[in-house]
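> One predicted model, sequence on top.
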Amino acid sequence: MPDTLLRVEHLKKVYESSTGNVEAIGDISFQMQPGELVCIVGPSGCGKTTLLKCIAGLLRPTQGTVELDGKKVTTPPPNMALVFQEYGRSLYPWLTVRGNVELPLRHKKLSRDERDRLIDDALTAVGLDHAAKSYPWQLSGGMQQRVAIARAVAYQPEVLIMDEPFAAVDAQTRADLEDLVRRLHLDRGMSILFVTHDIDESVYLGERVIVLSKSPTWVQEDLAIDLARERDQITTRALPRFTELRTHVYEQIQRAKRGEAVRPAA
Amino acid sequence: MTLYTSRVVVPRRRSQAWKRTGGNILYAVGLPFVLLVLWGIWATVSPEKFFPGPLVIAEAFVDTWIGPAFFVDVLPSLGRLALGIILSVAIGVIAGTLIGLTRWLRELLEPLLEFFRAIPPPVLIPIVMLLMGITDAMKVAVIVFGAVWPVLLNTIDGVRATDSVMTETARSFALSRGERLRYLVLPSASPRIMAGVRQTMSVALILMVISEMFASSSGLGYRIVYFQRNYLIAEMWSGIVLLGLICILLAAIFSIVEKRVLRWYHGIKEVERA
């Protein structure tokens, strides 16, 4: 049994404002092993992004801890990379595609050759080696998100965190990008924490799906997805097991929305 | 079929492009040319002492400025102007970045900055003259004092308006302070900064002339006032023409620099419009 990569324990986040406190996250605990692809789904407004920001060290939780590799996360850890939903605001338009991928590598102590190799490798992995000299705004939305993924891949993180990365791209591009994520996970053994509001996507991508309740949020279900490792947009999605799992998650989300699920006493 | 069309279309497009640039030049030069001709005709029909014709002024221009006066009056003026602009931009960007990124500094200084910006800079000339004497440094100081504000305030605003997702990206990849400044804060503020630089340049030109009119023994402003007081009317007008030409030259230099610095910005605008 490998050591736990990511451990979230009794995480709670309360936003304080002049109009009163808002409890976004009630009590979330889960763990993630190295090499896993875990999807987090929940009803809209359940604090998925808040959870991610706490995990990434961008937000300080009110209570509870996040540990990455046994180290408590208080500031953004160097062995974690993020892919945001808003690719247009996450890539820097004044840098070329290559410049964007290179940026986080600048302060890593790497030789010129090593750095170039990482950049080329990451761009090839996302199929954008031909567009290295373009600027992000010259590319389509799907390609821009590929650049953001390449940037995260070149950074060589131990865990890749994706915050609804494909919410803003069209359905066909989305299918391609989902397969890209699966391939990165299978070929490179990357550990990926993938947040989405799309139930199909979570079942298709994940090896585990964590269903969140509505706000104040807790983990309503931690579901293992027992589909084959190799997945295919057409055959996998047509499997009866896929439909079962999808229906199950869908029902859980519906229950979460109605607030029917009862939080177990801690 | 496609090949055939493209063969036919390409040369036509090229000639259209030529026509368009030709047309643009005609438009740009046309009206000034017509006005010059009208002015020339008017000046010959009814000669006026204080409004000489364009040919007289052109002659005075060549006689006055091409020769030693260029080194005695024009170059020192341009030198002070250049120094004033460079100092204004440097001070404005550095101080603006500091103030924009430091919250308490900003809250402390903002009312004060607004006050200083509201003072018309020429009224400071007598004071600076008393403090610094009639020197080159005094004139540069006057230029900087008046011209620094647009860059400074625009930099503060631009630095503050850094996009939150871009900032989070920088934080999540643990970019160092210097890297964040170099690759995020300054580029993202650069459209605002450049807009400030444009204003700074025109204010600097005005202050250069005024500071020389007040107290000087050389420079363009001094020379124009000198001509006026000695009834050398055509020479005076030629000085004004020279100022206009300097203004155009400055604008051209600015536009070249701006196109390079903000290539990405104009590129995005173009994509958005298409």
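All right, it came through fine. Numbers count the residues shown, from 1 in each chain, chains lettered A, B, ... in the order given.

> which residues in chain B form helices?
B:2-45, B:54-65, B:68-69, B:75-101, B:103-118, B:124-132, B:136-160, B:164-172, B:177-180, B:186-214, B:220-229, B:233-261, B:263-273 (DSSP state H).

> Out of those helices, flag the one nearest A:L58.
When these are compared by Cβ to Cβ, helix B:164-172 sits nearest A:L58, at 5.7 Å. C-beta: built from backbone N, CA, C; applies to glycine.

> Next up, identify which helix or strand A:F194 is on.
strand A:191-195 (DSSP states H and E).

> residues in contact with the following helix or strand past that strand?
Using DSSP H and E, the next helix or strand after strand A:191-195 towards the C-terminus is helix A:199-205. Contact partners of helix A:199-205, identified using Cβ atoms under 8 Å, 6 or more residues apart in numbering or on different chains, comprise A:37, A:39-41, A:166, A:174, A:178, A:181-182, A:194, A:196, A:209, A:225, A:227, A:231, A:233, A:236-237, A:242, A:245-246, A:249-250, A:253.

> among these, which are in helices?
Checking the contacts of helix A:199-205 against DSSP H, those in helices are A:174, A:178, A:181-182, A:236-237, A:242, A:245-246, A:249-250, A:253.

> From those residues, list just the buried residues.
Neighbour-count burial (16 or more other Cβ atoms under 10 Å in any protein chain shown) applied to the ones in helices among the contacts of helix A:199-205 gives A:174, A:178, A:181-182, A:236, A:242, A:245-246, A:249, A:253.

> how about those in TSV, adding distance to B:E258 and pLDDT?
Formatted as TSV, those follow (distance: Cβ to Cβ, whole Å; pLDDT from 0 to 100):
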residue	distance to B:E258	pLDDT
A:R174	39	90
A:E178	42	92
A:V181	41	93
A:R182	45	93
A:T236	53	91
A:F242	55	92
A:L245	56	93
A:R246	54	92
A:V249	53	91
A:I253	51	88
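
> For chain B, state which of these is nearest.
Chain B lies nearest to A:V181 out of these, by Cβ to the nearest Cβ, at 18.2 Å.

> interface residues of the stretch 51-200 of chain B facing chain A?
Residues of the stretch 51-200 of chain B that fall close to chain A, judged by Cβ under 8 Å from any Cβ of the partner chain: B:163-166, B:168-169, B:171-176, B:179, B:183-184, B:187-188, B:190.

> Now with 7 Å, please.
Within reach of chain A by Cβ under 7 Å from any Cβ of the partner chain, the stretch 51-200 of chain B has these residues: B:163, B:165-166, B:168-169, B:171-176, B:179, B:183-184, B:187.

> Could you pull up the mean pLDDT of stretch A:6-18?
Stretch A:6-18 shows a mean pLDDT of 89.

> which element follows the helix or strand harbouring A:E114 toward the C-terminus?
Using DSSP H and E, A:E114 sits within helix A:112-125. From helix A:112-125 onward toward the C-terminus, using DSSP H and E, the following helix or strand is helix A:141-154.

> What lies in contact with that following helix?
Defining contact as Cβ atoms under 7 Å, 6 or more residues apart in numbering or on different chains, one finds that helix A:141-154 is touched by A:81-83, A:87-88, A:90-91, A:97, A:100-101, A:104-105, A:118-119, A:122-123, A:125-128, A:131, A:136, A:160, A:165-166, A:168-169, A:173, A:176-177, A:180, A:184.

> near chain B too, which of those?
Okay, of the contacts of helix A:141-154 touching chain B (Cβ under 7 Å from any Cβ), that's A:82, A:90, A:104.

> quick one: contacts for the last one?
Taking Cβ under 7 Å, 6+ apart, we find A:P104 in contact with A:151, A:155, B:173, B:175.

> which residue is nearest the middle of chain B?
Centroid-nearest residue in chain B, with Cα atoms, centre = their mean: B:M201, separated by 3.2 Å.

> Which pLDDT does the model give it?
Value for B:M201, per-residue pLDDT: 94.

> re earlier: can you list contacts of the helix holding A:E114?
With Cβ under 7 Å, 6+ apart as the criterion, helix A:112-125 contacts A:98, A:101-102, A:105, A:129, A:132, A:150, A:153-154, A:184.

> and the angle from it to helix A:141-154?
Here the directions of helix A:112-125 and helix A:141-154 differ by 140 degrees (axes from the mean of the first three to the mean of the last three Cα atoms, to 10 degrees).

> So which bits of helix A:112-125 are buried?
In helix A:112-125, counting by 16+ other Cβ under 10 Å, buried: A:115, A:118-119, A:122-123, A:125.

> likewise stretch B:250-267?
Buried residues in stretch B:250-267, defined by neighbour count with 16+ other Cβ under 10 Å: B:250, B:254, B:258, B:261-262, B:264-265.

> do stretch A:246-260 as well
Per 16+ other Cβ under 10 Å, stretch A:246-260 contains these buried residues: A:246, A:248-249, A:252-253, A:255-257.

> So what's the residue count around residue 225?
Answering for chain A, as no chain was given. For A:I225, the neighbour count with other Cβ atoms under 10 Å in any protein chain shown is 20.

> Chain B, not that one
18.

> Now it: closest residue in space that isn't a chain neighbour?
Ranked by Cβ to Cβ, 6 or more residues apart in numbering or on different chains and with sequence neighbours excluded, the top spatial neighbour of B:V225 is B:M213, at 5.1 Å.

> Would you state the predicted confidence (pLDDT) at that neighbour?
In this model, B:M213 carries a pLDDT of 86.

> Relative to A:T75, how far out is it?
58 Å (Cβ to Cβ, to the nearest Å).

> who has more neighbours, those two?
Legend: neighbour count by other Cβ under 10 Å for B:M213 and A:T75, higher for B:M213 (19 against 11).

> re earlier: same list (the contacts of A:P104) but as JSON lines, adding neighbour count and distance to A:G57.
Formatted as JSON lines, these follow (neighbours: other Cβ atoms under 10 Å in any protein chain shown; distance: Cβ to Cβ, whole Å):
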{"residue": "A:R151", "neighbour count": "27", "distance to A:G57": "18"}
{"residue": "A:Y155", "neighbour count": "23", "distance to A:G57": "15"}
{"residue": "B:F173", "neighbour count": "24", "distance to A:G57": "12"}
{"residue": "B:L175", "neighbour count": "21", "distance to A:G57": "14"}
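
> Just want the residue of the stretch 101-250 of chain A that's nearest chain B.
Closest point on the stretch 101-250 of chain A to chain B, by Cβ to the nearest Cβ, is A:P104, at 3.7 Å.

> Which neighbours in the sheet does the strand or helix carrying A:G64 have, and how are they oriented?
Take DSSP H and E as the rule and A:G64 turns out to sit in strand A:63-68. Sheet pairing for strand A:63-68, assigned by DSSP bridges, gives strand A:6-17 (antiparallel), strand A:71-72 (antiparallel).

> Please identify the most buried of the ones you listed.
strand A:6-17 (a mean of 17; mean count of other Cβ atoms under 10 Å in any protein chain shown).

> CA atoms of that strand as CSV?
C-alpha atoms of strand A:6-17 as CSV (Å, rounded to 0.1, in the frame of the first residue of the first chain):
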residue,chain,number,x,y,z
LEU,A,6,-3.1,14.0,-0.4
ARG,A,7,-4.9,14.0,2.9
VAL,A,8,-7.8,16.4,3.6
GLU,A,9,-9.0,16.3,7.2
HIS,A,10,-12.0,17.9,8.6
LEU,A,11,-11.7,20.9,6.3
LYS,A,12,-14.1,23.7,7.1
LYS,A,13,-14.3,27.1,5.4
VAL,A,14,-16.4,30.0,6.6
TYR,A,15,-16.5,33.2,4.6
GLU,A,16,-16.8,36.2,6.9
SER,A,17,-18.6,39.2,5.5
